[in-house]
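Student: only geometry, no sequence info:
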């Protein structure tokens, strides 16, 4: 067996996003024990930095030892009990995934279904809450990676709390790329991933829960049906007591530490502005090439752009061309959007004008390879970017 | 916030073990996508190398995306259903942990309790199986990290299979340091960790399941009560289909690839011999210093040595001295063995005579610091090691 020899790619799919060199270098720092005072200090700093990025003072703020889906599962197994009524907004693949997870723990799911590419309204939610007054939890994906929709959530927490329920938010493709503002928005349970706008490798799930949520946890009728993801045990290690539960993924936490440090060094507002400006440039470029975006600008995510594949262009052939000729990764659509859209990540370290220009040029070449000539998108992208930067 | 600046430690606790430089370097290789053909080739190689180290031809052989405890949970949530009778051998903390996990999914636990420091016998098991003929699963820890006992398992699989049950084995502190021989021993479900004798960082759990176990999975009455750890979904990505389930922890898998490559380059037999010889040297050294080992030589683990703390020596003060003065980590005892034993890892890359000598010297100095003069253990350790190496 040969040693690894990886051809780098420009990662412009919906995650993993490009990982800065200093984060990769942090991964390779010497491994120490999970009870070493040096490591416990790192754990403290990670929690403090996560609180800043989440916009929360929640005591329970920590990275779950698994990918974003482990964060989702942690939310569900701890805050849903058998028989609980749970309203889940399903506007794409990641909403559907929450439905599956809730059903696995015996929750009673009420779906708020929305066509892929659209968002739910607060009126829709109110209607469902009126019909299901015993709802215990409302779960919603803030940034739907499968469609590129940013779900508006203004006023949701007040409404949900009024009915005595908790608000659970999937912020996987949001955290670090746009404000999540957990406390200001009144979110109760929020999970994310490291491989999106934070630009760390995949493998951890930043997680936070409000005191209101912890009260719910403390008053559960049944014990949490998971050993690995039981927040009662996490709390012992990530709280003040540092009681051993499972061995923390040391090296991954080094990477997260450095990634969070870079996020805060840039500054949250500057980072969000950069994401918006670069996404705007990409949108202008794609439209100048004659392509159509899936999502209305009013609910368009900065972090994932979904663009319709032009008629007559072969999806797989184009993406293979990009990967093999240009070493650029973008992704196709999932489920009903498969073959119909491309998904382009504008995330974290990768959210740079130069990357978008590289992609626009490569896309144009890839389409030419299929006999389809389109205009350049470069000038339009630059123009929009420069306008934003004035 | 400052960049990381980690003081290296000599990791001689029961995990994490010292991580070779080339494994740390592999962690920092460029991140690519989880569906990138380059990465899928790495996934293939990891599965093939894991099969060699496990000693199995099981199709379902893969690293679970979490630490060793996630592997345990994967075993339980997939192979135990509510109401199933499960015999669990409890001879330490990690057996107790399996009991908790089984109870969380509604299994009916029958404990085979053994005092800490001892092993169960096949006669004990037979007796319990006679009294619980409907037993569906027998779970046992092969290498009990909390006591340093190697549980003999000869004949167990035949007995368990005769009664129509499955044999689940925790091989966390065994894999890569001693033969696990899954197929020859007839084990059905086996999980391990990366941070022990494989000397990769913590964060993944090597896992394998026999076709007999998969038949059980296929005939479950209820669906698997976990989304993240559902083997039915894993099988799609880690089988031939490569269907996306959750984003694989790319960088950690680079590290595991390199760690497994080093294991196989050394050769399994050579590696097991090295562990035995270095452990033997440590035992001789500790005994020459007048210390007493907890476990009878017939069931003593090569990978974790448990030694009684001499009367009058302050446990915490000694370990703090080791850590701060010598940058050596060892661990104390857990639960009823807390304050009574030290646990010393002889694992993977750390299983070297030079490390043991460094420890013996530091231990002697640490005890002298507490006013307790003991003989040197170095000569005895070297003598035993050289005898084994002739």
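Tutor: Structure received. As the structure is a computational prediction, the values presented were derived from the model and not from experiment. Residues are numbered from 1 along each chain as shown, chains lettered A, B, ... in the order given.
Student: contacts only, for residue A:128.
Tutor: Residues in contact with residue A:128 (CB atoms under 8 Å, 6 or more residues apart in numbering or on different chains) are A:87, A:110, A:112, A:135. Any C-beta I mention is one placed from the backbone N, CA and C, and that applies to glycine too.
Student: please redo it, this time with the cut-off set to 10 Å
Tutor: A:87, A:89, A:110-112, A:120, A:135, A:138 (CB atoms under 10 Å, 6 or more residues apart in numbering or on different chains).
Student: for whichever strand or helix holds residue A:277, buried residues please.
Tutor: Per DSSP states H and E, residue A:277 falls inside helix A:268-288. Residues A:268, A:271-272, A:274-288 are the ones in helix A:268-288 that count as buried (16 or more other CB atoms under 10 Å in any protein chain shown).
Student: same thing with stretch A:175-192?
Tutor: A:175-178, A:180, A:182, A:185-192.
Student: can you check stretch A:120-129 too?
Tutor: A:120, A:125, A:128-129.
Student: which one of those residues is nearest chain B?
Tutor: residue A:120 (22.0 Å; CB to the nearest CB).
Student: wait, the closest one sits on residue A:142?
Tutor: No: the criterion here is CB atoms under 10 Å, and residue A:120 misses it with residue A:142 at 11.4 Å.
Student: tell me, what's touching those two both at once?
Tutor: A:89, A:149, A:151-153.
Student: just the buried residues of the residues you listed.
Tutor: Buried among the shared contacts of residue A:120 and residue A:142 by 16+ other CB under 10 Å: A:89, A:149, A:151, A:153.
Student: I'd say the third one and residue A:141 touch.
Tutor: Yes: counting by CB under 10 Å, a contact exists between residue A:151 and residue A:141, whose distance comes to 6.4 Å.
Student: what sits in contact with each of these two?
Tutor: A:89, A:91-92, A:95, A:119-120, A:169-170, A:174.
Student: tabulate these (a markdown table), appending distance to residue A:67, pLDDT and secondary structure.
Tutor: Below are those laid out as a markdown table (distance: CB to CB, whole Å; pLDDT from 0 to 100; DSSP: H, G, I helix; E, B strand; the rest coil):
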| residue | distance to residue A:67 | pLDDT | secondary structure |
| --- | --- | --- | --- |
| A:89 | 22 | 98 | strand |
| A:91 | 21 | 97 | coil |
| A:92 | 18 | 97 | coil |
| A:95 | 18 | 96 | helix |
| A:119 | 25 | 98 | coil |
| A:120 | 26 | 98 | coil |
| A:169 | 17 | 98 | strand |
| A:170 | 13 | 98 | strand |
| A:174 | 16 | 98 | coil |
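Student: of all the residues you listed, which two lie farthest apart?
Tutor: Taking CB to CB, the two most distant members of the shared contacts of residue A:151 and residue A:141 are A:120 and A:174; they sit 16.1 Å apart.
Student: what is the helix or strand of chain A with the lowest mean pLDDT packed up against?
Tutor: Here the helix or strand of chain A ranked lowest by mean pLDDT, DSSP states H and E is helix A:231-238, holding a mean of 86. Judged by 3 or more CB pairs under 10 Å, 6 or more residues apart in numbering or on different chains; DSSP states H and E, helix A:231-238 is in contact with helix A:37-54, strand A:60-64, helix A:68-79, strand A:205-209, helix A:211-218.
Student: for chain B, find the nearest of the ones you listed.
Tutor: Short answer: helix A:68-79, nearest of the helices and strands packed on helix A:231-238 by CB to the nearest CB, at 4.0 Å.
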